[in-house]
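*Asks:* starting from these lines, generate the structure:
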Amino acid sequence: MVSKELIQEFREIAKAEYGLDLSFEEASNIGNDLVDVFDTLAKIDFEEKRNRTLSK
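*Replies:* Prediction:
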């Protein structure tokens with residue numbers, strides 16, 4: 001879960017850089033979805049590296 005402070009910072013960046021006026025809920029959903037995607041990518045990377053190490 002992304003902290004309230006980071007969600008607010010994300011809202012400010014979205015407004016300043018892209019002119020998007022996101023609600024707190026919208027920004028929270030986007031932020032948490034991004035965290036989930038990167039968490040999945042990190043797990044895939046870890047498994048691939050582990051499998052390469054074990055197959056040597």
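*Asks:* now the helices for the protein?
*Replies:* If DSSP state H is used as the criterion, the helices of the chain fall at 4-18, 24-54.
*Asks:* let me have these in a markdown table, extended by mean neighbour count.
*Replies:* Yep, even glycine has a C-beta here, placed from its N, CA and C like the rest. Shown next, in a markdown table, are these (neighbours: other CB atoms under 10 Å):
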| stretch | mean neighbour count |
| --- | --- |
| helix 4-18 | 13 |
| helix 24-54 | 12 |
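*Asks:* mind giving me a markdown table with these and columns for mean pLDDT?
*Replies:* Compiled in a markdown table, the helices of the chain are given as follows (pLDDT from 0 to 100):
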| stretch | mean pLDDT |
| --- | --- |
| helix 4-18 | 97 |
| helix 24-54 | 96 |
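*Asks:* what sits against residue 20?
*Replies:* residue 14 (CB atoms under 8 Å, 6 or more residues apart in numbering).
*Asks:* check what pLDDT it gets.
*Replies:* Turning to residue 20, the model gives it a pLDDT of 97.
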